[in-house]
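Sharing a model prediction with you, sequence too.
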Amino acid sequence: MKKRTSVFSLKKKDHSNLDIIGNRIRYLRMLTGLDRSNMEKRHQVKKVSLEKWENGTANISLKNITRLVSVAIDHSIECTPEWLITGAGLPPKTIPPSTIDPHKVGSGNTTEDILRDLSYFKSTYPLGITLMISDDVMMPCYGDGDFVGGNVVDLKDLKECLDHACIVHTADGKKRVRRIGYNDGVWFLYGTNISHKGSAILEMGIEITKVAKVFWHRKQL
């Protein structure tokens, strides 16, 4: 018999009781404004799985907990894995656009501001990663010296990252921010700055070892 991965038990319950994990999952989905069908269509989270998790007829793994948190972030909802799993800590809240946004930076850009925000990011998203950008390949949105952060995506779900800015780790030990593309069975990385004169703006057939979709951005002064 195949050994099961770590899961969090669900039980039948009153849907208004947020002390129960299934109700927290339902509540978080409702905050995104998506029904189960749209959640499946837009984020590839299966409708049947969502229904089972929410209604208490199936268990949810840590991997899928993290995935739901990532989906919430895409809809400007901040939710920690800890709250979704245990109900402890602050409940989900709307993310101020100036604080976390795929295309904007915050108002506090001093070194002290950035270090404080990096610490906050790492404590709030323990499964996330950060990086200081060291080239201008992703200009005009992301420049040399900027800091970015994102949640790690399972490589089996890499297609969720298509055409998104991502922190990418590759088998050669390099780390950079690029967009991810896929064509005829081949993954590739590409930048957005056609005026870039340094490293290749297009990299084909690279071996990706870790990816995080960028949702946090701080511009260095």
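Alright, I've got the coordinates.

Give the closest residue to Phe147 in space, chain neighbours not counted.
Distance criterion C-beta to C-beta, 6 or more residues apart in numbering; nearest residue to Phe147, sequence neighbours excluded, is Arg218 at 4.4 Å. No exception for glycine: its C-beta is placed from N, CA and C like everyone else's.

For Val69, see how far away that neighbour is.
Shown here: Arg218 relative to Val69, a distance of 21 Å by C-beta to C-beta, to the nearest Å.

Ile77 too?
For Ile77, the distance to Val69 - C-beta to C-beta - is 9 Å.

Would you map the strands across this protein?
Assigned by DSSP state E, the chain shows strands spanning 7-8, 60-61, 77-78, 93-94, 128-132, 147-153, 165-170, 175-183, 186-190, 202-204, 208-218.

Same list, these, but as JSON lines with mean pLDDT, distance to Arg116 and mean neighbour count please.
Output for those, formatted as JSON lines (pLDDT from 0 to 100; distance: least, C-beta to C-beta, whole Å; neighbours: other C-beta atoms under 10 Å):
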{"stretch": "strand 7-8", "mean pLDDT": "52", "distance to Arg116": "32", "mean neighbour count": "15"}
{"stretch": "strand 60-61", "mean pLDDT": "89", "distance to Arg116": "33", "mean neighbour count": "18"}
{"stretch": "strand 77-78", "mean pLDDT": "82", "distance to Arg116": "17", "mean neighbour count": "18"}
{"stretch": "strand 93-94", "mean pLDDT": "78", "distance to Arg116": "19", "mean neighbour count": "10"}
{"stretch": "strand 128-132", "mean pLDDT": "90", "distance to Arg116": "13", "mean neighbour count": "18"}
{"stretch": "strand 147-153", "mean pLDDT": "89", "distance to Arg116": "12", "mean neighbour count": "22"}
{"stretch": "strand 165-170", "mean pLDDT": "94", "distance to Arg116": "20", "mean neighbour count": "22"}
{"stretch": "strand 175-183", "mean pLDDT": "89", "distance to Arg116": "22", "mean neighbour count": "18"}
{"stretch": "strand 186-190", "mean pLDDT": "87", "distance to Arg116": "31", "mean neighbour count": "16"}
{"stretch": "strand 202-204", "mean pLDDT": "86", "distance to Arg116": "34", "mean neighbour count": "14"}
{"stretch": "strand 208-218", "mean pLDDT": "90", "distance to Arg116": "10", "mean neighbour count": "21"}
